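> what would the 3D arrangement of this be:
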Amino acid sequence: MTLKIFVLIKQVPSYDNLEIDKSTGTILRDGIENIINPDDLYSIELGLKLKEKYNAIVSIMTMGPPQAEFALREGLAMGADHAILISDPRFAYSDTFQTTLILKESFEIIKNYDIIICGSQTSDSSTGQVPFQLSEALEIPLITDIFTLEIENHIIKCHRNFGHESQNIEVELPVLLRTVSHFNSPRYVSLSGIKKAFEKKIQIFDYTILKSPEYIDGCNKSPTRVVNIEKVEIKRKNNILEGSVNDKIQSLIQIMKENGINNVYSSEKK
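Residues are numbered from 1 along each chain as shown. Here you go, the predicted model:
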């Protein structure tokens with residue numbers, strides 16, 4: 001059996017180039033440096049590790065504007081076999097709900113998939129909602145916080161740390177896996193990998209490929225609306241304590257009491 005693995009990634013602006021269009025509340029993406037979302041690199045590495053250990057084909061998928069092709073090329077250079085770009089003007093400005101609907105339609109076109117892998121959240125929005133929503137939309141299990149995993153006879157066996165619990169999970173494929181930061185060490189891209197990446201053709205899924213469902217419309221049917229943008233500036237007040245060590249301790253205790261921290265005790269002997 002050849003496992004079919006799909007890794008969902010997103011191209012995001014680099015941290016140094018984040019700019020917001022104040023009129024729409026959206027991130028400006030044209031004319032700036034874009035990178036693969038950092039969390040998604042761990043997802044790609046997991047897919048490639050499974051490819052090396054099992055008989056698997058790894059496809060990289062992203063939804064975004066045409067320039068998101070460069071993120072896919074990087075995934076191909078790392079070792080992925082195929083790449084799919086989900087792109088159409090009608091998909092622009094999609095929130096997580098519309099994104100989930102578009103991904104659902106895409107996987108209904110693909111039909112055959114065993115494992116879908118995605119990161120925890122993206123650096124440009126940090127909602128972390130898509131893995132959970134897509135799991136519900138496709139009606140497949142979602143496993144998060146994975147520590148180790150193996151696959152045997154179309155059954156995936158995972159060990160995960162969830163809160164204060166350590167859990168062993170066994171579930172039949174297909175399944176959606178959500179990786180976390182530092183789950184593994186993403187590999188470097190080789191020069192030969194870059195060359196091979198630009199020799200491969202990227203498959204395009206547009207609105208017509210998805211059979212033009214009327215409920216897909218990122219601009220007009222996304223229920224999420226940005227109503228206000230505020231720049232948060234953290235201001236701290238410095239208070240320098242003078243005197244001996246004992247004087248400083250007493251001053252600190254007094255400051256804590258004045259700010260509602262009452263569970264403190266005087267250092268004076270009673």
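> how far away is I261 from I253?
9 Å (C-beta to C-beta, to the nearest Å). Every C-beta, even on glycine, is put in place using the N, C-alpha and C of the backbone.
> out of these two, which sits in the more crowded spot?
I253 (16 against 10; other C-beta atoms under 10 Å).
> and that one, how far from G128?
41 Å.
> F97 too?
On the measure of C-beta to C-beta, F97 and G128 end up 14 Å apart.
> do the same with G119
For G119, the distance to G128 - C-beta to C-beta - is 9 Å.
> ok, A92 next?
With distances taken as C-beta to C-beta, A92 is found 22 Å from G128.
> name the element L8 belongs to?
Assigned by DSSP states H and E, L8 falls within strand 3-9.
> and that strand, average pLDDT?
Strand 3-9 comes out with an average pLDDT of 97.
> and stretch 48-57, by the same measure?
Computed over stretch 48-57, the average pLDDT equals 94.
> ok now it, how far from the chain's centre?
Centroid separation for stretch 48-57 versus its chain: 21 Å, with C-alpha atoms, centre = their mean, to the nearest Å.
> run through who's touching that stretch.
1-5, 47, 58, 78-82, 115, 151, 184, 187 (C-beta atoms under 8 Å, 6 or more residues apart in numbering).
> stretch 59-70 now?
4-11, 29-30, 34, 44, 71-72, 75-76, 80-87, 91-92, 94, 99, 102-103, 106, 202.
> could you list which of those belong to strands?
Among the contacts of stretch 59-70, DSSP state E puts 4-9, 11, 34, 82-86 in strands.
> just the pLDDT for the closest residue to T122 other than its chain neighbours.
With C-beta to C-beta, 6 or more residues apart in numbering as the criterion, T122 has its nearest non-adjacent residue at 4.8 Å, and that residue is N37. pLDDT for N37: 90.
> gap between N37 and V130?
Taking C-beta to C-beta, one finds N37 at 11 Å from V130.
> kindly report the same for I146.
In terms of C-beta to C-beta, I146 sits 17 Å off from V130.
> compare neighbour counts for the two and give me the winner.
More neighbours surround V130 than the other of I146 and V130, with 23 against 20 (other C-beta under 10 Å).
> and the more buried one, how far from I36?
Distance from V130 to I36, by C-beta to C-beta: 16 Å.
> likewise for L103?
Distance from L103 to I36, counting by C-beta to C-beta: 17 Å.
> kindly report the same for S14.
From S14 to I36 the distance is 10 Å (C-beta to C-beta).
> need the nearest residue in space to L3, chain neighbours excluded.
Distance criterion C-beta to C-beta, 6+ apart; nearest residue to L3, sequence neighbours excluded, is A56 at 3.9 Å.
> what's around L241, how many residues?
12.
> which residues sit in contact with it?
D247, K248, S251, L252.
> so what's the second one scoring on pLDDT?
Okay, so that is K248. Here, the pLDDT recorded for K248 equals 89.
> ok but it is inside a strand, no?
No - per DSSP: H, G, I helix; E, B strand; the rest coil, K248 lies outside any strand segment and is helix.
> can you read off the pLDDT for the residue lying closest to it once chain neighbours are set aside?
Once flanking residues are discounted, K248 sits nearest to L241: 4.3 Å by C-beta to C-beta, 6+ apart. Looking at L241, its pLDDT is 88.
> done for today, thanks.
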